[in-house]
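Please work out how this folds:
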Amino acid sequence: MLKSILKEGSNHTIPRKYHIAFWVGYFMLNFIRWGSYYQDYWYSFKSNLLTVSIGAVLVYVNIYFLFPKFILNKKYASYIVYFFLTLSIFYVVRTELIYALINENVWPESDTPQKAYSFNHIIVVFMIGIYDVALVTMLKLTSDWIFERKRTERLKEVQMRTELNLLKSQIQPHFFFNTLNSLYALAIDKSEDTPRVILKLSDMMQYALYEVKGTKVGLLKEINHINNYIDIEKMRFNDRIESDMNITGNIDDVEIPPLLFLSFVENCFKHGLKGVDKININICFEITKDNYLEFKLANNFNSNDTDQEKNHGIGIMNSKRRLTLLYDNDFVLNTKIQDNTYNLFLKIPVL
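Model (predicted):
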């Protein structure tokens, strides 16, 4: 998708139908205006058919040759020279064709008799050419600006999606590594819980590999995924883990970004039970009246374990980056350590 967007930028062209529609509309406007003003629609038709056609040639020479060759390369003096040379050719061709095909009086609209190649006639025709070029160039630049803005937005969206997938991929391998370590420990001890762990691991792998490919997943599935992870850790550490989960509000239809909360829960087990006899985990999900989801996590924390504190910080930085990409500034993430307890509070909008 990124290649196609970049390719769009190099091949951007306005569809031919819009060119035709513009020049037909421009011709009709001048034809009706001048035909009504002089009460001579036949002359207005012939005159504008010729002058608008020649003006279109001048316009396209400017926007597709002179402008990109000189202006975009900052050769402004060269552009001015070649533009006025082109205007001179435009003047001669326009004047001669009007004289040969339409009227020997090349400027019947003038209040006083005017001759071809007179100073006044040259100035007027030059001004007409400059007006046509300025009008269409402005429309072309506006079109390019709108297109480039949309393309930039799509690039940002693709970049954000790519970064989100990267952040998500950083979570999954780490998670499976921890889970396989737990399974290995149970197998070494020939624990009867090993088959149950394998089944739970199978469920978790199915969820992580196949059900979280989209941008949203049901909160209930995410909670079940977290419970499976905690159950595996409980099997590993037996009675040394206590956990409690509370859910407030109707979460049946709530969807969230996948694997959003798992990294926070993983932090509780990152070093097992190093430095503490028992780990107590309290998790709370609550849907507020203002349509936000609040996630609260508390677990006992060994304040003397500096490595654990450091790893908490790394996980939080990763999560903050992902939350910023997902919600911009419409979220709250706070952490604090109080009385050897690590507390985390996250508030995100429910879409």
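
Please make it C-alpha for all contacts and neighbour counts, starting now.
OK.

Does residue 212 touch residue 256 like I think?
No - applying Cα atoms under 8 Å as the test, residue 212 and residue 256 come out as separate, 10.5 Å apart.

Any figure for the gap between residue 14 and residue 27?
Distance, residue 14 to residue 27, using Cα to Cα, to the nearest Å: 19 Å.

more crowded one of those two?
Between residue 14 and residue 27, residue 27 has the larger neighbour count (other Cα atoms under 10 Å), namely 20 against 12.

Helix, strand, or coil at that one?
On the three-state scheme (DSSP: H, G, I helix; E, B strand; the rest coil), residue 27 is labelled helix.

got the residue ranges for the helices in the stretch 251-351 of the chain?
Applying DSSP state H, counting those that start in this stretch to the stretch 251-351 of the chain gives helices spanning 262-269, 306-327.

mean pLDDT lowest for which of those?
Least confident of those, judged by mean pLDDT, is helix 306-327 with a mean of 68.

The longest helix belonging to the chain versus helix 262-269: what angle between them?
With secondary structure taken from DSSP state H, the chain has its longest helix at helix 119-188. Interaxial angle, helix 119-188 versus helix 262-269 (axes from the mean of the first three to the mean of the last three Cα atoms, to 10 degrees): 40 degrees.

right, and the helix or strand after helix 119-188?
Following helix 119-188 in sequence order, the next helix or strand is helix 194-206 (DSSP states H and E).

now the angle from that following helix to helix 119-188?
180 degrees.

List the buried residues for stretch 131-146?
132, 133, 136, 137, 144 (16 or more other Cα atoms under 10 Å).

Could you find the closest non-adjacent residue to the fourth one?
The shortest distance from residue 137 to any non-neighbouring residue, by Cα to Cα, 6 or more residues apart in numbering, is to residue 63 (6.3 Å).

quick revisit: of the buried residues of stretch 131-146, which pair is most distant in space?
Greatest spacing in these, by Cα to Cα: 132 and 144 (18.3 Å).

correct me, but residue 241 touches residue 234?
Yes - if you go by Cα under 8 Å, residue 241 and residue 234 touch, sitting 5.8 Å apart.

Let's see the distance spanning stretch 55-75 from one end to the other.
End-to-end distance (Cα to Cα), stretch 55-75: 24 Å.

can you list the domains in the protein?
2-153, 191-349 (automatic domain parsing).

out of those domains, which comes closest to residue 183?
domain 191-349 (6.8 Å).

Throw the domains of the chain into CSV and include distance to residue 182, thanks.
Converted to CSV, the domains of the chain look like this (distance: least, Cα to Cα, whole Å):
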stretch, distance to residue 182
domain 2-153, 40
domain 191-349, 6
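
and the direction of the host helix or strand of residue 228 versus that of helix 194-206, what angle?
Secondary structure from DSSP H and E places residue 228 in helix 219-237. Helix 219-237 runs at 150 degrees relative to helix 194-206, counting by the same axes, to 10 degrees.

Check which helices and strands helix 219-237 is in contact with.
Other helices and strands packing on helix 219-237, by 3 or more Cα pairs under 8 Å, 6 or more residues apart in numbering; DSSP states H and E, are helix 119-188, helix 194-206, strand 241-248, helix 262-269.

Looking at the domains of the chain, which is nearest to residue 177?
Across those, closest to residue 177 is domain 191-349 (Cα to Cα), at 11.2 Å.

In stretch 242-249, which residues are buried?
Taking 16+ other Cα under 10 Å as the criterion, stretch 242-249 shows none as buried.

Just the C-alpha atoms of it, please, in PDB.
The C-alpha trace of stretch 242-249 is given here as PDB (Å, rounded to 0.1, in the frame of the first residue of the first chain):
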ATOM      1  CA  GLU A 242      -3.500 -14.300  44.300                       C
ATOM      2  CA  SER A 243      -5.500 -12.300  41.800                       C
ATOM      3  CA  ASP A 244      -8.800 -10.600  41.800                       C
ATOM      4  CA  MET A 245     -10.700  -9.000  38.800                       C
ATOM      5  CA  ASN A 246     -13.700  -6.700  39.000                       C
ATOM      6  CA  ILE A 247     -15.800  -5.600  36.000                       C
ATOM      7  CA  THR A 248     -18.200  -2.700  36.400                       C
ATOM      8  CA  GLY A 249     -20.700  -1.700  33.600                       C
END
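
Report the inter-axis angle for the host helix or strand of residue 57 versus helix 119-188.
Assigned by DSSP H and E, residue 57 belongs to helix 41-61. When the same axes, to 10 degrees is applied, the directions of helix 41-61 and helix 119-188 differ by 50 degrees.

Show me the contact partners of helix 41-61.
Under the criterion Cα atoms under 8 Å, 6 or more residues apart in numbering, residues 23, 26-27, 30-32, 34-35, 86-87, 90, 94, 97-98, 102, 129, 132-133, 136-137 lie in contact with helix 41-61.

Right, I'll call it a day here.
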